[in-house]
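> Take this sequence and fold it.
(chains A and B)
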Amino acid sequence: MRRIGLAAALLVGCSGGDVAPTGPSAPAPDILQSSWVVQAALDESIPGDLVAASGRWLGGPGRWREPGQGPRSSAPGVAALRDRARREDGEALGQLGSILLEANCRLAQAPGSFDAELALGFEVGAESCAALGNDDGAALATKHRAALADAPAPPPAQIISGTPVTVIEVQREGTKLRYSFVRPADLTTALDALVAPADAPSGPTDAMADSFAARVGTSRWFGDDRTVGELPDAGALFAGLTKGADRMAASEEAVDAATATWGAGLAALPGPADGSLDASARALLDGWAGRALKREFGLAALAADEPSLALIHLEDAAGSRARTRPEPGLDPLLLCALARARFESNELRRAVDLLEDIGASPGWELAREAARTVARVAVLPTAAEARVNR
Amino acid sequence: MRRSLRLLLPGVLMAPLLVLPMESADAEGDRPLVILEEDEPQTTYPFLSRTMSEQRLGELLFDRFFTLTKGGDLVSPVFEPGWTASAPNLSLTVNEGLKFADGSPATFSDVTFTFNDVYRRTDLGHNLGAWYGKVFGDAQQITPMVGSVRFGVQMPDEGSERYLLTTVLLSRGNLGKGGRPDLEGSKRQPVGTGPFWAAEPIESFDDVLLQRNPHRAVKASGDRKPVSSLRLQYDQDAASQKELMEGGRADVWVSPPPALLPPFKNQSDRYGIRSYDLNQWWYVSVNHDNPHLRNGQVREAVDMVVPRSQLVEKFGSESARLTSGPFLPGSAWESGEASPTTTSKAQAGELMKAAGYTLESGYWTKAGDTVTLRFGVQGDILDDYNDVVYGMVDAWEDAGFRIRLRSVRSADWRTQVESGKASGSYDLLMGRWNIDREEGAIELFTKNPSKGRKTNLFNYNNDIVNLTVKQYYEESSGPKREALMQRLHKQLHDDRPYLFLWTLQVQSIYRRDRLAGFRPAPFYYYTSADGIVWKGDAK
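Modelled structure (predicted):
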């Protein structure tokens, strides 16, 4: 009876007569029991240390680790978890890199964004546009660069969040300004290094624990795909969306329906003492499932170049808070993707807020550089009359 | 599998499950979508708007020429793609088939009317004539659907259409009858190409019913139904709005006080939360003509007494962040040399003494004149955030400043404050500004010679600030412009035309069990209103 006492502190008992009716689509308890959601809560064959080490997706105490620094424990599955965390950190930094590329590309297309001493900005901007496939933008940035005099050699790059960043500080009108530039090629190299496979597994392996480690916090609920129809993963939901004006609405309904299916199943799930899970426990498990589904759906939408669609699901996954900050449960990939979705959806102020908060976490300082760059995009002259209202 | 509940992760927050009785189901799709808005609008034309509720209403009724899309690119609901720029002309083709809500076809004649007969005019009661007259020459129609907009200033090589992000298409047939456009007389039934329109003239502006624009195709698939009408309810206090929302009699609450959000967040099956990206900052504007407040030390003392950190706690959930000037935290124009004013009653006292004041009967006095400040507060702020306002008043009184508090209703704000006559009635004014781009803040500190609305509430005029603004407008280098704006931020922080308080993150509440596709656009809110649908199984 491991951790049962501690369990009582979190999940306050079970209520015998509180079995909610299940709808026709509610998955059977034995199916749910093989999901990572229920395994994490109830399955004693999943090591407790492994569950505790899954805090970046499930929540708990502590704070973000530096990129590439996974949990340390000799428990089965933790090595696989560490490897996955490292890969996701690479993806998260990739999201920050995408923001930097897009922001630099946009800045470099405006003729006044940089002066001669900062001409590197146009060069990096042109490279960024080219990396994004924006040939017109690259040509414009190159033209703006050519209009400037030769620039002094930039200082050596600093390593920020594992990425070479050229930082140039200039004094203008008595004010010190900091500019930072990341070349797309350097970014790619840095990310490749981060996500490269580890030399060797550094902990014991166990098929069940490793499978759990690969799935926890995702919408790959089971170790196999036998129940995909009843509890769809985010990829299947996204792929099933039809194109059209109400695509956003359709996506919300699809995700809500899947979440409701989870809720119905969990409501009927027997608890440890032959009763059902009580409301608090159900809410916790519901929360995990919902967050996982929305997170992955948002990531899929972002990868498919649909930032507005991604935005609403990633915001929901992150709890729709007034101010979203890094913390366990709100993992780096989720928040970096959310920052990108805000940026690409033109919610620039909110993108900057989030990037600054991410950048305050040790090891994630690249987000601050992205924040500063996005902030400059936000004040690019648009020439339109500016509206001011009460 | 052996089942036993166990501790997973200490400290995980578990939201209590609250189940409230559902109200009786309506037949969605037939009834209006009920939206709880803010102040009652005085106009339906967005270029006349002074409040966010007016701006948002305009976004429902009209199409802007261009809007932002993914990654900052522009799209146009009015013009065909493929517009071309060749200095000094921007050539545009009106979308074939575009119709106004009254069924009349939109042509380039409406574009020329919009420019030449409304926006560039200086005698129609809006403040835009000077700007449009300077930036643009005449718009010219070439064929029924094709024409050009001529620039009066040097056209940028790229992106000249960005000048038209706020211009809305107006109907010559509707507004142009009888010579001079009658914006006041037509405001109850304006005609645009936006997603909704007033099919019947608006009788009362505290409860506005809009119907779907019948000439604008909206598709919904499956069981979903397009929203056929909107009912916008204005001028209710937060307590009433909360009741309406909880009672199921409203579907969207645009700007609830953040402290009221938690019970809605805890019912996530029923309510959804969507953030509204808005450059909003709260202020106390300072009358530099007041004989006491003319002294910079007195202004600083008044500022230092405001218990900012305590007051922002009242908003809850980190919704508010302190500000140090007109540009928000994180802005490229926020100066690193200015930080939010730190509260210190003792230091404020030292400043007052240094300025020659003594405490008499608990109030600061100089030459027999007690510092008495007439403090006007926007009525809706006093209604919904009275704990914040009284927290501020108490702190001032406790520190020796006599305060005469007055609520300023929206209509009075328009006639007494934004008319440029605020100095005669007030010494301090508390309000909030919402700005679509940082540059908009500049008008809040600079002289406006026009006869229209004054957003520089106490006619603040500082030569050093004016010089910085002038240099900014004359400068083309981005780094120098950034440095100049940071300087402006610091200058304004130090000179205190405003006591800069905080910025607030607005979060809207909506009925997620009824609606889908609801996403507020930055500043304009309803830009994607076409995408809001009733859910198929909405109750």
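
> what kind of secondary structure is the residue in the stretch 201-350 of chain A positioned nearest to chain B in?
Distances between the stretch 201-350 of chain A and chain B by C-beta to the nearest C-beta are smallest at residue A:249, namely 3.4 Å. (Each C-beta comes from the backbone N, C-alpha and C, glycine too.) Per DSSP: H, G, I helix; E, B strand; the rest coil, the local secondary structure of residue A:249 is helix.

> now do residue B:285
Recorded secondary structure, residue B:285: strand (three-state DSSP).

> Send me the helix or strand where residue B:352 lies as PDB with only the CA atoms.
Element membership for residue B:352, per DSSP states H and E: helix B:345-354. Extracted in PDB, the C-alpha atoms of helix B:345-354 (Å, rounded to 0.1, in the frame of the first residue of the first chain):
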ATOM      1  CA  LYS B 345       4.500  57.900   3.000                       C
ATOM      2  CA  ALA B 346       7.600  59.000   4.900                       C
ATOM      3  CA  GLN B 347       9.400  60.100   1.700                       C
ATOM      4  CA  ALA B 348       6.300  61.900   0.500                       C
ATOM      5  CA  GLY B 349       6.200  63.800   3.700                       C
ATOM      6  CA  GLU B 350       9.800  64.800   3.200                       C
ATOM      7  CA  LEU B 351       9.000  66.100  -0.200                       C
ATOM      8  CA  MET B 352       6.100  68.100   1.000                       C
ATOM      9  CA  LYS B 353       8.300  69.700   3.700                       C
ATOM     10  CA  ALA B 354      11.000  70.500   1.100                       C
END
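
> Spell out the residue ranges of the helices in the stretch 301-450 of chain B.
B:308-313, B:345-354, B:379-384, B:386-398, B:410-412 (DSSP state H, counting those that start in this stretch).

> and of those, who's closest to chain A?
Nearest of those to chain A, taken as C-beta to the nearest C-beta: helix B:410-412 at 8.0 Å.

> what does that closest one rub up against?
Residues outside helix B:410-412 that contact it (C-beta atoms under 8 Å, 6 or more residues apart in numbering or on different chains): A:390, B:39-40, B:42, B:51, B:235, B:378-380.

> ditto for stretch B:95-102
Residues outside stretch B:95-102 that contact it (C-beta under 8 Å, 6+ apart): B:61, B:76-80, B:105-106, B:110, B:145, B:171, B:173-174, B:191-194, B:196-197, B:199, B:213-216.

> Residue B:232: neighbour count?
Residue B:232 has 26 neighbours, counted by other C-beta atoms under 10 Å in any protein chain shown.

> Phi and psi next, for the residue nearest to it when sequence neighbours are not counted.
Residue nearest to residue B:232 in three dimensions, not counting chain neighbours: residue B:208, with 4.4 Å by C-beta to C-beta, 6 or more residues apart in numbering or on different chains. Backbone torsions of residue B:208, given as degrees, to the nearest 10, read phi -110, psi 130.

> related to what we said a few turns ago, quick one: least confident of the contacts of helix B:410-412?
Among these, residue B:235 has the lowest pLDDT, at 89.

> Determine the longest helix present in the chain.
Here I'm looking at chain A. helix A:78-108 (DSSP state H).

> my question was about chain B
helix B:478-495.

> Run the angle between the next helix or strand after that one and helix B:478-495 for me.
Sequence order places strand B:498-504 as the next helix or strand after helix B:478-495, per DSSP H and E. Between strand B:498-504 and helix B:478-495, the angle comes out at 110 degrees (axes from the mean of the first three to the mean of the last three C-alpha atoms, to 10 degrees).

> Relative to the helix or strand following strand B:498-504, what are the paired strands and their orientations?
Using DSSP H and E, the helix or strand that follows strand B:498-504 towards the C-terminus is strand B:506-511. Applying DSSP bridges, strand B:506-511 is found paired with strand B:252-253 (antiparallel), strand B:271-276 (antiparallel).

> count of residues packed around the nearest residue to residue B:418 once chain neighbours are set aside?
Ranked by C-beta to C-beta, 6+ apart and with sequence neighbours excluded, the top spatial neighbour of residue B:418 is residue B:453, at 4.9 Å. Residue B:453: 18 surrounding residues under other C-beta under 10 Å.

> Is residue B:453 in a helix, a strand, or coil?
Looking at residue B:453 with three-state DSSP, the answer is coil.

> What's the nearest residue in the stretch 51-200 of chain B when you look at chain A?
Closest point on the stretch 51-200 of chain B to chain A, by C-beta to the nearest C-beta, is residue B:165, at 4.0 Å.

> what residues are up against the closest residue to residue B:295 other than its chain neighbours?
Nearest-residue entry for residue B:295: residue B:355, 5.3 Å, with adjacent residues in sequence omitted and distances by C-beta to C-beta, 6+ apart. Residues in contact with residue B:355, defined by C-beta under 8 Å, 6+ apart, are B:295, B:297-298, B:301, B:366.

> ok, these vs residue A:87, which is closest?
Proximity of the contacts of residue B:355 to residue A:87, judged by C-beta to C-beta, is greatest for residue B:301, which lies at 56.4 Å.

> Tell me how many other residues surround that closest one.
Neighbours around residue B:301, by other C-beta under 10 Å: 29.

> Is residue A:281 part of a helix or strand, or is it coil?
Following three-state DSSP, the label given to residue A:281 is helix.

> next one: phi and psi at the residue positioned nearest the centre of chain A?
Centroid-nearest residue in chain A: residue A:334, 1.8 Å away (criterion: C-alpha atoms, centre = their mean). The phi/psi pair for residue A:334 (degrees, to the nearest 10) reads phi -60, psi -50.

> Wait, it touches residue A:297, no?
No - counting by C-beta atoms under 8 Å, residue A:334 stays clear of residue A:297, with 11.6 Å between them.

> what is the nearest residue to residue B:408 once chain neighbours are set aside paired to in the beta sheet?
Nearest residue to residue B:408 in three dimensions, chain neighbours excluded: residue B:376, at 4.5 Å (C-beta to C-beta, 6+ apart). Beta bridges link residue B:376 to residue B:406, residue B:429, judged by DSSP bridges.

> so what pLDDT did residue B:376 get?
pLDDT, residue B:376: 98.

> Please give me every residue in contact with it.
B:406-408, B:417, B:422, B:425-426, B:428-430.

> Just the buried residues of those.
B:408, B:417, B:422, B:426, B:428-430 (16 or more other C-beta atoms under 10 Å in any protein chain shown).

> Closest one of these to chain A?
When the buried ones among the contacts of residue B:376 are compared for distance to chain A (C-beta to the nearest C-beta), residue B:417 wins out at 9.6 Å.

> Distance-wise, check the closest residue to that closest one other than its chain neighbours relative to residue B:392.
Distance criterion C-beta to C-beta, 6+ apart; nearest residue to residue B:417, sequence neighbours excluded, is residue B:457 at 5.9 Å. Counting by C-beta to C-beta, to the nearest Å, the gap from residue B:457 to residue B:392 is 18 Å.

> For residue A:342, list the residues it contacts.
By C-beta under 8 Å, 6+ apart, the contact set of residue A:342 is A:311, A:348, A:350-351, A:354, B:277.
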